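Asks: Everything below, folded, please.
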Amino acid sequence: MFKKYISKLQIIIAIAQSLLTPKQFIFLSAVLVGITSALAVIVLKTFAHWVFTFATYVTTISKLGFINSILPIIGIMLTVFVVQRVLGGTIQKGTSQILYAVAKKASIIPEKQMYAQILTSSLTVGLGGSAGLESPIVITGAAFGSNYAKKYKLSYKDRTLLIGCGVSAGIAAAFNAPIAGVLFAIEVLLVDVSIAAFTPIMIAAATGALVSVIALDETILLSFRQQENFDYHNIVFYILLGVFTGLISVYYSRNFGRVEHFFSRLKLSPYKKALFGSSILAVLIFIFPSLFGEGYETIKTLSDNDPGKLLDNTLFSGFRDNSWALLLFVGCTMMVKVFATGITLGSGGNGGNFAPSLFLGSYLGFFFSKFINLIGLAKLPVSNFTLVGMAGILSGLFHAPLTAIFLIAEITGGYSLMIPLMIVASISFAISRRFEKHSLDVKNLAEKGHAFTSNKDTNVLSTLETNSIIQTDFLTVAPDESLEKVVDLISHSNQVIFAVVDADQNLIGIVHFNTIREIIFNTYRVKYTKVKEVMLPLGEIVSQDESMETVMNKFEKSKVAYLPVLKNGKYYGFISKSTALEAYRTKLKSMTID
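Replies: This is a model prediction of the structure:
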């Protein structure tokens, strides 16, 4: 029955495509992709909220926190089971795979990502894994956009644009924050987009937010309606908060990588690794129950008038009214969060770092302002610093200050905190960028030359395959041959450069027409001069598997028109600078989204 309705809908869309102009069809497509992305948000958020409510109820009744520890073990084990038995043994995690698809896979995302992320993340995070649902939501939305475009045979540009629509709709629906959704899609994923492309992305974000508002209870979403007015006398403390959020962002990024690397090296089966990691996570959650799930409910608690509720039903409930004990609990939870998230994802669970960044930021903002108040240095509005801290960590981890600023502005229901948000987000971004060149999700891919960065030239070059522009049909000469052979080759080909190779195809030098121009008209010298006497020594050499960015850097450094290429240490061919630049221009034209 469901397939029947889908088939009818596809027929209607196909008819609409034939009747509408290409631009009108993209607008329609943006709405449809926005709706599907919002539906994914509804499923994930509702399930996660229901499980959290259930676990909280059981914990309150039993006065024990064991249920919060058992559920994540079950969730991660079930996630691994689904991955192994349903998804072919592997699943890609993190928004970096969207960047990789855009850069290397012509914006084609596998069909299974339309359901794999929802299924696995609902088990992991929904059952208490200490990660976020936004990354799976974003990937699901991107997969909807990519496969929709593929179904209706849209171009690479339109496929990429619809990926952006799915991403913006996902974030907009998850937070009821359409502006943040648009900015996230452009600032984090589509770093090279024209103003004209904003329209369908805005349509998708608005659609996603509207569906979310209609179908989701506001209590499920992360939203705040209570904050104090901005006091310019506190600017110096906001500056300090920006510094701290930047440094903590670096701390989180590096330690998260270490934890994931540790689990990737474990010589254990997927199930044993999941049991090992989830058991450690269970202990952490038993001690710090607020690490359970996304943690958005505890963020709301921190910004309330009675943050001591955070200690209810914990091992430290006896210190509920002790401000210093609460501060110590918040500080320890804040520092442990990165390990809880790293263990959740490294041991086999699925989720993302978006929610953990907001969690960490709120805890840091609370800790900082509460500490200042307790020592009597100033009287800071704790709720404001709790909210602004979220923008600082989000900006520092994802290198997305605009997204961070407008996300917090939207979920607080106004722009009264705009100035402190701008101060904290910008300072955090600057400090994080100083120590970490790339954002958390991009770092690994960027190091391999696979992903988009904020550098436009790097983006384009990363999509070019060096192999595709290597010319392997160049004629070669031996070192002991006379120049007569070179002259003969010049007269019967268009070559101006020749590789000098020995019997084993080892490259030992280069002969360029310009260096022998004065000799070739002297018959005697041509006959009795050996190639090895006039060949040029080797300069910059390219390996077959080097990235195009490296190749272009070598062209710039050497100031030559041709670079020799080696494959497995042997001569393979040449790369022409003019050919490389032409490939760059062609790719740049095809990638510009307008």
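
Asks: all helices of the stretch 101-250 of the chain, in order?
Replies: Using DSSP state H, counting those that start in this stretch, the helices of the stretch 101-250 of the chain run over 113-124, 134-151, 156-175, 178-184, 198-215, 235-265.

Asks: and residue 565, what are its phi and psi?
Replies: phi -120, psi 140 (degrees, to the nearest 10).

Asks: residues contacting it?
Replies: 470, 541-544, 571-575 (C-beta atoms under 8 Å, 6 or more residues apart in numbering). (Each C-beta comes from the backbone N, C-alpha and C, glycine too.)

Asks: and which of those residues is nearest residue 529?
Replies: residue 571 (22.2 Å; C-beta to C-beta).

Asks: Make sure that closest one is actually in contact with residue 506.
Replies: Yes - look at residue 571 against residue 506 with C-beta atoms under 8 Å: they come within range, at 7.0 Å.

Asks: Would you mind telling me which of the two has the busier surroundings?
Replies: residue 571 (22 against 12; other C-beta atoms under 10 Å).

Asks: and that one, what helix or strand is that in?
Replies: strand 570-576 (DSSP states H and E).

Asks: Would you mind checking the contacts of residue 565 for buried ones?
Replies: Of the members of the contacts of residue 565, the ones counted as buried by neighbours, 16 or more other C-beta atoms under 10 Å, are 470, 542, 571-575.

Asks: could I get these as a markdown table with distance to residue 99 and pLDDT?
Replies: Converted to a markdown table, the buried ones among the contacts of residue 565 look like this (distance: C-beta to C-beta, whole Å; pLDDT from 0 to 100):
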| residue | distance to residue 99 | pLDDT |
| --- | --- | --- |
| 470 | 26 | 88 |
| 542 | 25 | 89 |
| 571 | 35 | 91 |
| 572 | 30 | 90 |
| 573 | 30 | 90 |
| 574 | 31 | 90 |
| 575 | 26 | 90 |
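
Asks: now the closest residue to residue 90 other than its chain neighbours: how far from residue 119?
Replies: Among residues not flanking residue 90 along the chain, residue 83 sits closest, at 7.0 Å (C-beta to C-beta, 6 or more residues apart in numbering). According to C-beta to C-beta, to the nearest Å, residue 83 and residue 119 sit 9 Å apart.

Asks: tell me what whichever strand or helix holds the residue nearest to residue 90 is packed against?
Replies: Here residue 83 sits within helix 66-85, counting by DSSP H and E. With contacts taken as 3 or more C-beta pairs under 8 Å, 6 or more residues apart in numbering; DSSP states H and E, helix 66-85 sits against helix 22-62, helix 113-124, helix 270-287.

Asks: Run the angle between that helix and helix 113-124 for me.
Replies: Put simply, helix 66-85 runs at 150 degrees to helix 113-124, going by axes from the mean of the first three to the mean of the last three C-alpha atoms, to 10 degrees.

Asks: per-residue pLDDT, residue 238?
Replies: pLDDT, residue 238: 95.

Asks: just residue 448 next, same as before
Replies: 63.

Asks: How about residue 370?
Replies: So, for residue 370, pLDDT stands at 93.

Asks: Over to the one 5 residues further on?
Replies: As summarised for this prediction, residue 375 has a pLDDT of 92.

Asks: count of neighbours near it?
Replies: Neighbour tally, residue 375, other C-beta under 10 Å: 8.

Asks: same deal with residue 533?
Replies: 12.

Asks: Pop out the phi and psi values for it.
Replies: Given degrees, to the nearest 10, the pair of backbone angles that residue 533 has is phi -80, psi -20.

Asks: from here on, count from 571
Replies: Got it, the first residue is 571 from now on, which makes the last one we talked about residue 1103.

Asks: picking that back up, can you say which of the helices and strands packed on helix 636-655 is packed in most?
Replies: helix 683-694 (a mean of 24; mean count of other C-beta atoms under 10 Å).

Asks: Which strands or helices does it pack on?
Replies: Using 3+ C-beta pairs under 8 Å, 6+ apart: helix 683-694 touches helix 592-632, helix 636-655, helix 704-721.

Asks: before we move on, back to that, okay, the helices of the stretch 671-820 of the chain in CSV with distance to residue 1006 next?
Replies: Shown next, in CSV, are these (distance: least, C-beta to C-beta, whole Å):
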stretch, distance to residue 1006
helix 683-694, 25
helix 704-721, 18
helix 726-745, 22
helix 748-754, 19
helix 768-785, 27
helix 805-835, 5
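
Asks: of the ones you listed, which approaches residue 937 most closely?
Replies: Here helix 805-835 is closest among those (C-beta to C-beta), at 9.1 Å.

Asks: If you count neighbours, what's buried in that closest one?
Replies: Neighbour-count burial for helix 805-835 [16+ other C-beta under 10 Å]: 807-808, 811-812, 814-820, 822-823, 825-827, 829-830, 833.

Asks: Equivalent analysis for stretch 1114-1129, please.
Replies: For stretch 1114-1129, by 16+ other C-beta under 10 Å, it's 1116-1119, 1121-1122, 1124-1125.

Asks: Looks to me like residue 1070 is in a helix.
Replies: No - assigned with DSSP: H, G, I helix; E, B strand; the rest coil, residue 1070 falls outside any helix and is strand.

Asks: which non-adjacent residue is nearest it?
Replies: Residue 1070 sits nearest to residue 1079 (C-beta to C-beta, 6+ apart), 4.0 Å away.

Asks: I'd like the mean pLDDT over stretch 894-901, please.
Replies: Stretch 894-901 comes out at a mean pLDDT of 92.

Asks: and of the buried residues of stretch 1114-1129, the nearest to residue 988?
Replies: Using C-beta to C-beta, these come closest to residue 988 at residue 1119, 37.7 Å.

Asks: Now do the SS call for the closest one.
Replies: What three-state DSSP gives for residue 1119 is helix.

Asks: count of residues packed around the residue nearest to residue 660?
Replies: 22.

Asks: same thing with the one 4 residues further on?
Replies: If you count neighbours by other C-beta under 10 Å, residue 657 ends up with 16.

Asks: pLDDT at the residue nearest to it when sequence neighbours are not counted, what is it?
Replies: Using C-beta to C-beta, 6+ apart and skipping the chain neighbours, the partner closest in space to residue 657 is residue 686 (5.3 Å). We have a pLDDT of 88 for residue 686.

Asks: Same question for residue 630.
Replies: pLDDT for residue 630: 65.

Asks: Quick one: low-confidence residue ranges for this structure.
Replies: For the chain, the stretches with pLDDT under 70 are 571-573, 622, 625-626, 628-637, 760-766, 788-798, 984, 1016-1033, 1158-1164.

Asks: before we move on, back to that, now distance to residue 894 too, for the helices and strands packed on helix 683-694, in TSV please.
Replies: Shown next, in TSV, are the helices and strands packed on helix 683-694 (distance: least, C-beta to C-beta, whole Å):
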stretch	distance to residue 894
helix 592-632	25
helix 636-655	25
helix 704-721	34
